[in-house]
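Trainee: sequence first, predicted coordinates after that:
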There are 2 protein chains.
Amino acid sequence: MTTQRRVLIETMQEAKEHLDVSSLLALARKREPGIDRATVYRTIEKLKKFGLVDELDLMHMNGEKHYYEVKPKRDHVHLACLQCGQVEEFSSPLFEQLKREITEQTGFEILVTRLEVGGRCSVCRNSNKR
Amino acid sequence: MTTQRRVLIETMQEAKEHLDVSSLLALARKREPGIDRATVYRTIEKLKKFGLVDELDLMHMNGEKHYYEVKPKRDHVHLACLQCGQVEEFSSPLFEQLKREITEQTGFEILVTRLEVGGRCSVCRNSNKR
DNA sequence: ATAACTGCAAATCTTTTGCTTACAG
DNA sequence: CTGTAAGCAAAAGATTTGCAGTTAT
């Protein structure tokens, strides 16, 4: 456990929104200026492997980069509005049930899940019909 | 509708597994040798926009590339075995129900969904316990 | 002490773009 | 004809890697 890792983890925990590597790097540098991009990638890799962090694509709304979030207790769906870019989270017992069903019916042991939805959020639907 | 597009679409339809851009390009070139990588990217972009093709990440098992499949009538989950790389598909009324619930409860209009699961398939679980 | 981690720079992989020529409708 | 698409080559964006020096345990 190094200073850099601690800073990166804290930064992610305190973040209000999903961070991509560049944003995470920028925020982390406010605390630990020397920190390098490669360290961010290597740390994320580790954290993913340990199941502490989830990787998101958010339907690649802005290029191909990935976003990261501290793994939540309860998995949730990410609803990405393709119009305004807003991301909502949604969790439901139905999702848990679906996961259970998958394991029961296929024997697949689930380690990570990623359910992303692209579409139009209610705000955009109301402001501009169609 | 150009020859290249026709070839790309046919190639995807006939493919038995999920293709990444390089594989798709290689297969398409067997029919239409001159076809360019950029054309593949541009065509996929169009097809995605028209909702004819879905993009997958398959949990980034092999690098950051994307995979593509002709949009199925019924959405399905992709179960990616992190050990052997096999990808299973799974569909269930529960998934449909979950999507309905999302729309009802959040007012979000769903255009695309991507549910990917990473873990260990039953074969790998049985061959090597633990 | 020593194994693991960092910063730096360069490399790699994937995707995008500008431009000119070619083709479909 | 005329707009859209293709091919080519170069650029951009994201991530990975080799290496030498540093740090955690």
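Mentor: Arrived safely.
Trainee: going forward, measure contacts between C-alpha atoms and count neighbours the same way
Mentor: Noted.
Trainee: and residue A:112, how many residues sit next to it?
Mentor: 17 (other Cα atoms under 10 Å in any protein chain shown).
Trainee: quick one: low-confidence residue ranges for chain A.
Mentor: Within chain A, the ranges that satisfy pLDDT under 70 run A:130.
Trainee: same thing but 90
Mentor: Where chain A drops to pLDDT under 90, the residues are A:63, A:128-130.
Trainee: so which bits of it are right by chain B?
Mentor: Proximity of chain A to chain B (Cα under 8 Å from any Cα of the partner chain) is limited to residues A:79, A:90, A:94-95, A:97-98, A:102, A:106-122, A:125.
Trainee: buried subset of those residues as a PyMOL selection?
Mentor: Entered in PyMOL, the line below selects the buried ones among the residues of chain A next to chain B, by 16 or more other Cα atoms under 10 Å in any protein chain shown:
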select buried, chain A and resi 79+95+98+102+108+109+110+112+113+114+115+116+117+118+119+120+121
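Trainee: among the residues of chain A next to chain B, which ones are in strands?
Mentor: If you go by DSSP state E, the residues of chain A next to chain B have A:79, A:90, A:109-120 in strands.
Trainee: got the domain ranges for chain A?
Mentor: Under the assignment automatic domain parsing, the domains of chain A span A:1-71, A:72-130.
Trainee: ok, which of those comes nearest DNA strand D?
Mentor: domain A:1-71 (3.9 Å; Cα to the nearest atom of the strand).
Trainee: what about that closest one and DNA strand D, any contact?
Mentor: Yes: if you take Cα under 7 Å from any atom of the strand as the test, domain A:1-71 does meet DNA strand D, through A:1-3, A:20-21, A:37-38, A:41-42, A:45, A:62-66.
Trainee: before we move on, the earlier item: show me which of the ones in strands among the residues of chain A next to chain B is closest to residue A:53.
Mentor: residue A:112 (10.0 Å; Cα to Cα).
Trainee: please name the bridge partners of the nearest residue to the closest one once chain neighbours are set aside.
Mentor: In this structure, residue A:112 finds its nearest non-sequential neighbour in residue B:118, 5.0 Å apart by Cα to Cα, 6 or more residues apart in numbering or on different chains. On the basis of DSSP bridges, residue B:118 is bridged to residue A:112, residue B:80.
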